[in-house]
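K.L.:
Predicted model and sequence below, questions to follow.
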Amino acid sequence: MNGLRLIFLCTSLVFCASTLAADALPPADTAADARVRELGRRWLENNDGIGLSIGVYDGTQRRFYNFGTTQLDGNRAPTKDTVYEIGSISKTFAGQLLARAVVEGRASLNDVVDQYLDEKYPNFTKDGEPIRLVHLANMTSQLVDNIPDLTQVKLVPGEPLAATRMKVIGRYTQEEFLRQLHRVAPRRAAGGEPAHSNVASMLLGVVLEKLYGEPFDVILARQIEKPLRMGSGTQPDAKLLAKGYTREGEPLPPFIAKMAWPSGSLRYSTDDLLRFASWQLVERDASVKLAHQPTWSTPDGRQSLALYWIVSDTPQGRRLQYSGGTYGFASTVELYPDAQLALVLLTNKAADGAQDTLRTLSARIVDVLRPEPLTNPTPADVPPAAR
């Protein structure tokens with residue numbers, strides 16, 4: 001199976017009338033607005049959804065669409081400020097922080113990982129190739145997906161298995177992680193076929209703390225959240241949290257896991273994430289440009305990996321995409337720099353195939369907002385090794 005497809009595969013009962021936030025479409029776009037509303041309503045119905053929030057940045061306009069409810073047994077509709085778990089989209093924040101560190105001269109993407117750790121990890125070298133910083137951020141580290149091994153977690157009576165696993169991750173410490181890393185070896189030489197690895201992203205979080213000499217949440221707030229006027233992804237306002245649900249509709253507690261901040265436990269609203277996405281879209285910042293530069297490509301050059309972002313060419317020009325899921329949420333973000341379009345889609349139920357269906361919904365919204373292909377799109381750059 002193609003590595004990028006594998007990454008795509010790994011990352012309800014109440015329906016209310018949709019609500020549109022105050023910064024809605026201008027009157028000239030009411031037809032497109034109505035079509036987007038209908039697509040959102042249909043997605044919620046067809047996917048047994050609970051709540052769905054969509055944010056669109058269209059050139060200069062910010063638009064928000066909200067459907068359903070924030071929890072199954074309530075009647076409060078989500079808004080642009082409702083906070084969702086964004087899952088693996090958290091990784092794009094870690095990748096952006098790495099790009100900033102490189103631009104600031106703190107590190108190089110080709111640096112060997114354990115030079116930034118307090119101990120040496122000879123087990124990180126396979127077939128003469130050590131794991132480098134770039135391998136952590138372009139999913140080619142060849143490290144396992146998860147430690148601790150959550151498949152060993154036993155069912156606790158009266159508690160969803162997902163909730164028990166969340167508690168295990170929530171109690172996991174950096175000291176335990178670094179100790180267990182001595183027993184983890186890459187499956188193949190780093191730099192080969194990509195595969196999803198929360199371990200690699202957690203390790204990148206440790207490296208970032210060493211590079212900056214500060215905790216991850218402090219770096220994140222200073223470098224990204226405060227300049228973009230975002231809420232805190234590590235300590236969001238509890239009153240704004242949507243409730244997450246498993247595929248079976250079981251309610252879950254919030255996913256609070258410090259070690260997983262760089263890999264999958266950040267939480268943001270549609271407004272927050274759209275601020276990040278629109279900043280990424282314009283690509284003016286040198287570190288953003290670096291984060292979007294492909295570092296691995298499929299043999300045919302049709303898809304590439306930047307620092308976590310999956311890059312491909314579409315009729316609307318270059319697309320950068322990443323999606324995420326937790327035990328109770330699913331999400332996707334898509335950037336179309338040539339078409340000046342960014343989309344954020346967040347939902348509070350981890351239904352089967354939720355990330356796939358959200359990507360399909362996003363593609364349909366793009367077709368509504370950009371129905372004509374670009375005549376001269378900028379092709380995605382292919383890394384030199386793949387040319």
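P.N.:
Good, I have the coordinates. Everything quoted here is computed from the prediction, not taken from an experiment.

K.L.:
Look at the residue most central in space within the chain and give its secondary structure.
P.N.:
Against the mean C-alpha coordinate of the chain, by Cα atoms, centre = their mean, the closest residue is residue 89 at 0.8 Å. Assigned by DSSP: H, G, I helix; E, B strand; the rest coil, the conformation of residue 89 is helix.

K.L.:
Touching, it and residue 334? I think so.
P.N.:
No. Assessed by Cβ atoms under 8 Å, residue 89 is found out of contact with residue 334, at 10.9 Å. For the C-beta atoms, the positions are set from N, CA and C on the backbone; glycine is no exception.

K.L.:
Low-confidence regions, this protein specifically.
P.N.:
The chain contains residues with pLDDT under 70 at 1-29, 376-387.

K.L.:
quick one, strands of it?
P.N.:
19-20, 51-58, 61-68, 83-85, 244-245, 251-252, 267-269, 296-297, 303-305, 310-314, 317-325, 330-336, 341-347 (DSSP state E).

K.L.:
gap between residue 111 and residue 285?
P.N.:
Distance, residue 111 to residue 285, using Cβ to Cβ, to the nearest Å: 22 Å.

K.L.:
what do you get for residue 206?
P.N.:
Taking Cβ to Cβ, one finds residue 206 at 25 Å from residue 285.

K.L.:
what's the closest non-adjacent residue to residue 366?
P.N.:
With Cβ to Cβ, 6 or more residues apart in numbering as the criterion, residue 366 has its nearest non-adjacent residue at 6.0 Å, and that residue is residue 316.

K.L.:
Residue 341 is in contact with the one you found, correct?
P.N.:
Yes. Using Cβ under 8 Å, residue 316 is in contact with residue 341, at 7.0 Å.

K.L.:
Residue 210 contacts residue 119, correct?
P.N.:
No. In this structure residue 210 lies outside contact range of residue 119 using Cβ under 8 Å: 11.8 Å.

K.L.:
Those two: which has the busier surroundings?
P.N.:
The neighbour comparison of residue 210 against residue 119 (other Cβ atoms under 10 Å) goes to residue 210, with 14 against 9.

K.L.:
Chain neighbours aside, what residue packs nearest to residue 228?
P.N.:
Of all residues not flanking residue 228 in the chain, residue 275 sits nearest, at 4.6 Å (Cβ to Cβ, 6+ apart).

K.L.:
What of residue 246?
P.N.:
residue 162 (5.3 Å).

K.L.:
Can you tell me how far that neighbour is from residue 332?
P.N.:
For residue 162 relative to residue 332 (Cβ to Cβ), the value is 21 Å.

K.L.:
Likewise for residue 290?
P.N.:
Per Cβ to Cβ, residue 290 is found 23 Å from residue 332.

K.L.:
between those two, which one's more packed in?
P.N.:
residue 332 (27 against 19).

K.L.:
Surely that one is in contact with residue 319?
P.N.:
No. The criterion here is Cβ under 8 Å, and residue 332 misses it with residue 319 at 11.6 Å.

K.L.:
re the thing from before, deepest-packed of the strands of the chain, please.
P.N.:
The highest mean neighbour count among the strands of the chain, using mean count of other Cβ atoms under 10 Å, belongs to strand 83-85: a mean of 31.

K.L.:
what packs against that one?
P.N.:
Here strand 83-85 touches strand 267-269, going by 3 or more Cβ pairs under 8 Å, 6 or more residues apart in numbering; DSSP states H and E.

K.L.:
and the strand it packs on, how far from the chain's centre?
P.N.:
With Cα atoms, centre = their mean, to the nearest Å as the basis, strand 267-269 stands 11 Å off its chain's centre.

K.L.:
Direction included, what does that strand pair up with?
P.N.:
Using DSSP bridges, strand 267-269 pairs in its sheet with strand 83-85 (antiparallel).

K.L.:
Centre of the chain to stretch 262-280, how far?
P.N.:
Computed by Cα atoms, centre = their mean, the chain-centroid distance of stretch 262-280 equals 8 Å.

K.L.:
so where do the helices sit in the stretch 1-150 of the chain?
P.N.:
Secondary structure of the stretch 1-150 of the chain by DSSP state H, counting those that start in this stretch: the helices cover 3-10, 30-46, 90-103, 133-137.

K.L.:
Mean neighbour count and distance to residue 299 added to those helices, as JSON lines?
P.N.:
Putting the helices of the stretch 1-150 of the chain into JSON lines (neighbours: other Cβ atoms under 10 Å; distance: least, Cβ to Cβ, whole Å) gives the following:
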{"stretch": "helix 3-10", "mean neighbour count": "16", "distance to residue 299": "11"}
{"stretch": "helix 30-46", "mean neighbour count": "16", "distance to residue 299": "34"}
{"stretch": "helix 90-103", "mean neighbour count": "25", "distance to residue 299": "23"}
{"stretch": "helix 133-137", "mean neighbour count": "28", "distance to residue 299": "19"}
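
K.L.:
between the ones you listed, which one is nearest to residue 79?
P.N.:
helix 30-46 (14.1 Å; Cβ to Cβ).

K.L.:
buried sites along stretch 163-181?
P.N.:
By 16 or more other Cβ atoms under 10 Å, the buried positions in stretch 163-181 come out as 163, 165-167, 169-170, 172, 177-178, 181.

K.L.:
between those residues, which is closest to residue 299?
P.N.:
Among the buried residues of stretch 163-181, and counting by Cβ to Cβ, the member closest to residue 299 is residue 181, at 31.3 Å.

K.L.:
Need the nearest residue in space to the closest one, chain neighbours excluded.
P.N.:
Nearest one to residue 181, counting by Cβ to Cβ, 6+ apart, is residue 121 at 6.3 Å.

K.L.:
And residue 286, by the same measure?
P.N.:
Closest to residue 286 by Cβ to Cβ, 6+ apart is residue 103, at 5.0 Å.

K.L.:
can you pull the contacts of the one you found?
P.N.:
Neighbouring residues of residue 103 by Cβ atoms under 8 Å, 6 or more residues apart in numbering: 286-287, 290.
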